[in-house]
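Enquirer: Quick one: sequence and predicted model below, then my questions.
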Amino acid sequence: MEIFKFGGASVKDASGVKKLAAIVKKHEGQLVVVVSAMGKMTNLLERVCEARVKKDAQRAALHLDELRLFHAAIIADLFPTGNAAARRLERVVTDIERILDEELSPAGYDHEYDRLIPFGELLSTGIVSDYLAANGVDNHYVDIRKYLLSDHCYRNANVDLEASRARCREAFHFRDVNRYVTQGFIAGTTDGQTTTLGREGSDYTAALLANLLDASRVTIWKDVPGVMNADPKEYPAAVIISQMPYKEAIELTHFGAKIIHPKTIKPLQNKGIPLHARSFLYPESTGTVIRDFDHWIDLPPVYINKEDQLLLTLTPRDFSFIAEEKLSRVFSILARYRLKLNLMQNSAISFTFCVDNHPAILPDFIRELQQEFGVRYNDNVRLVTIRHYTDEMIREIIGDRVVLVEQRSRSTAQFVI
Ligand code: ASP
Ligand code: MG
């Protein structure tokens, strides 16, 4: 049994859905197809949600209309005669309108988010499942919220693997059909609430289902030909990395490579299930395989660019040393604001680090640090990471740019520029 995951970019229009259908049709054997919301529909639903919590009913209705038109155009192309999919769309729009008419939930923004955002996935999977069926690909549609169980941590729910296992095995039983279509990114609680697993979480869903159902492989169909050693838009000499150990994939996502959702590897590695990243535009090309290897894999230098960073330097107000107690204070403040350190460096009386720019929380964070430290910072800097660096690659990428911080380990060079 295999899992195929199609992201938003692969189902951003009718032609994408047709390509998906061709790929699924060609695959013989048992298959679970995990699909994200179409195109940028999750962003659009986020705008609906924001308008709702700001009580801007007019703007919410405008965004909802945009969502309806976007899907209606795809449906019109995919189903020139039937109107079941069009009715499905109207039902979803009515469901969203009903939520928009309700009072805001006392559980707060995150709960509102998880009530609205999942409609993107619910719609895309309905459309895909109907389209496959209409084109001779028998399949069952599974509403994953009943089977993949999570806690109530809205927007970033934790899936209970053990509680989900038996349920998922029953839902995807393969007794009377070879193919299933289901949603990525969303889950449900035992009391029937919908939850989401964090942005771009469909990869993670594919990995969780693979683990629960003992799949032989997960394939993530992307709009790029596999995992590349750089973004070809920034670095035209980029090449495809044909194979990569799990460990390396975890490191690359940690440094900010947007190859897969960072939580994807662990459920696969635990069961030794290989992950393929392939192009839905060029399904003949083999892409990248991520798995365990019993021999050394040579990897090219990998260039990862993290934009919009804030570089901070702290110095104790009394010029005392930055010793362990001071560092542990800094770390506990960082943890409280849920900020992730992207790079750090210390000297006798200073501590320098990089975090992502979160305009909503950084002013409070900096104010709190200022109570104990002198704080200097540069905003809008870039963090460049080069794994398996070569001097040549560093020269090509850094050139004569001003480097604010530089760090090298045996395998990784990082530059704040
Ligand atoms: N649709 C969700 C998002 O855009 C999940 C995903 O694409 O993986 O974040
Ligand atoms: Mg997406």
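Expert: Cool, the structure landed. Numbering: from 1, shown residues only. Ligands and ions are numbered 1, 2, ... in the order given.
Enquirer: would you say residue 310 is within a strand?
Expert: Yes - when DSSP: H, G, I helix; E, B strand; the rest coil is applied, residue 310 is found to be in a strand.
Enquirer: Quickly note the distance from it to ligand 1.
Expert: 24 Å (C-beta to the nearest ligand atom, to the nearest Å). Heads up, the C-betas are built off the backbone N, CA and C, glycines and all.
Enquirer: same deal with residue 194?
Expert: In terms of C-beta to the nearest ligand atom, residue 194 sits 13 Å off from ligand 1.
Enquirer: Contacts only, for the residue of the stretch 151-300 of the chain found nearest ligand 2.
Expert: Here the residue of the stretch 151-300 of the chain nearest ligand 2 is residue 200; by C-beta to the ion that distance is 5.7 Å. Applying C-beta atoms under 8 Å, 6 or more residues apart in numbering, we find residue 200 in contact with 185, 261.
Enquirer: For it, report the pLDDT, please.
Expert: Per-residue confidence (pLDDT) for residue 200: 93.
Enquirer: now it: how far from residue 226?
Expert: 18 Å (C-beta to C-beta, to the nearest Å).
Enquirer: the helices in the chain, which residues?
Expert: Secondary structure of the chain (DSSP state H): helices at 14-26, 41-53, 57-78, 84-101, 109-116, 119-134, 161-171, 202-213, 246-254, 265-269, 324-336, 362-370, 391-398.
Enquirer: Quick one: list the elements packing against the fourth one.
Expert: It refers to helix 84-101. Applying 3 or more C-beta pairs under 8 Å, 6 or more residues apart in numbering; DSSP states H and E, one finds that helix 84-101 contacts helix 41-53, helix 57-78, helix 109-116, helix 119-134.
Enquirer: now residue 416: how far from residue 142?
Expert: Distance, residue 416 to residue 142, by C-beta to C-beta: 46 Å.
Enquirer: residue with max distance from the center of this protein?
Expert: residue 318 (43.2 Å; C-alpha atoms, centre = their mean).
Enquirer: how far is stretch 20-31 from where the chain is centred?
Expert: Centroid separation for stretch 20-31 versus its chain: 24 Å, with C-alpha atoms, centre = their mean, to the nearest Å.
Enquirer: buried ones in that stretch?
Expert: 20-21, 23-24, 30-31 (16 or more other C-beta atoms under 10 Å).
Enquirer: Stretch 92-103 now?
Expert: Buried residues in stretch 92-103, defined by neighbour count with 16+ other C-beta under 10 Å: 92-93, 96, 99-100.
Enquirer: again, but for stretch 312-321
Expert: 312-316.
Enquirer: Identify, out of the helices and strands packed on helix 84-101, the most deeply packed stretch.
Expert: Highest mean neighbour count of these: helix 119-134, a mean of 23 (counted as mean count of other C-beta atoms under 10 Å).
Enquirer: Determine whether any part of that helix lies close to ligand 2.
Expert: No - Helix 119-134 lies apart from ligand 2 when judged by C-beta under 5 Å from the ion; the minimum separation is 8.5 Å.
Enquirer: Verify the stated contact: residue 348 with residue 321.
Expert: Yes - using C-beta atoms under 8 Å, residue 348 makes contact with residue 321 at a distance of 5.6 Å.
Enquirer: Wait, residue 25 touches residue 137, no?
Expert: Yes - counting by C-beta under 8 Å, residue 25 touches residue 137, with 5.2 Å between them.
Enquirer: Next up, the contacts around residue 224.
Expert: 232, 279.
Enquirer: Got phi/psi on it?
Expert: Note on residue 224: its backbone torsions stand at phi -120, psi 160 [degrees, to the nearest 10].
Enquirer: and the gap between it and residue 87?
Expert: 36 Å.
Enquirer: related to what we said a few turns ago, next one: the residue farthest from the centre of the chain, what pLDDT does it get?
Expert: So, for residue 318, pLDDT stands at 82.
Enquirer: Just the pLDDT for the nearest residue to residue 73 once chain neighbours are set aside.
Expert: Closest residue to residue 73 apart from its sequence neighbours, by C-beta to C-beta, 6 or more residues apart in numbering: residue 14 at 7.9 Å. With respect to pLDDT, residue 14 has a value of 98.
Enquirer: Just give me the neighbour total for residue 14.
Expert: Residue 14 is flanked by 18 other residues according to other C-beta atoms under 10 Å.
Enquirer: So it is in contact with residue 74, correct?
Expert: Yes - contact between residue 14 and residue 74 holds when scored by C-beta under 8 Å: they sit 5.0 Å apart.
Enquirer: residues near whatever residue of the stretch 151-300 of the chain ends up closest to ligand 1, how many?
Expert: Nearest residue of the stretch 151-300 of the chain to ligand 1 (C-beta to the nearest ligand atom) works out as residue 202 at 3.2 Å. Number of residues near residue 202 (other C-beta under 10 Å) recorded here: 26.
Enquirer: so what's the nearest residue to it once chain neighbours are set aside up against?
Expert: The spatially closest residue to residue 202, leaving aside those adjacent along the chain, is residue 184, at 2.5 Å (C-beta to C-beta, 6+ apart). With contact taken as C-beta under 8 Å, 6+ apart, residue 184 is in contact with 5, 34-36, 121, 201-206.
Enquirer: quick one on the thing from earlier: ok, which of the helices of the chain comes nearest residue 299?
Expert: Of all the helices of the chain, it is helix 246-254 that lies closest to residue 299, at 6.5 Å by C-beta to C-beta.
Enquirer: buried residues in that closest one?
Expert: Neighbour-count burial for helix 246-254 [16+ other C-beta under 10 Å]: 246, 248-253.
Enquirer: cool, stretch 379-387 as well?
Expert: Buried, per 16+ other C-beta under 10 Å, within stretch 379-387: 381-387.
Enquirer: of these, closest to residue 180?
Expert: Nearest to residue 180 out of the buried residues of stretch 379-387 is residue 387 (C-beta to C-beta; 36.7 Å).
Enquirer: Tell me the pLDDT of that closest one.
Expert: pLDDT, residue 387: 97.
Enquirer: That one and residue 223, how far apart?
Expert: On the measure of C-beta to C-beta, residue 387 and residue 223 end up 23 Å apart.
Enquirer: just residue 23 next, same as before
Expert: In terms of C-beta to C-beta, residue 23 sits 13 Å off from residue 223.
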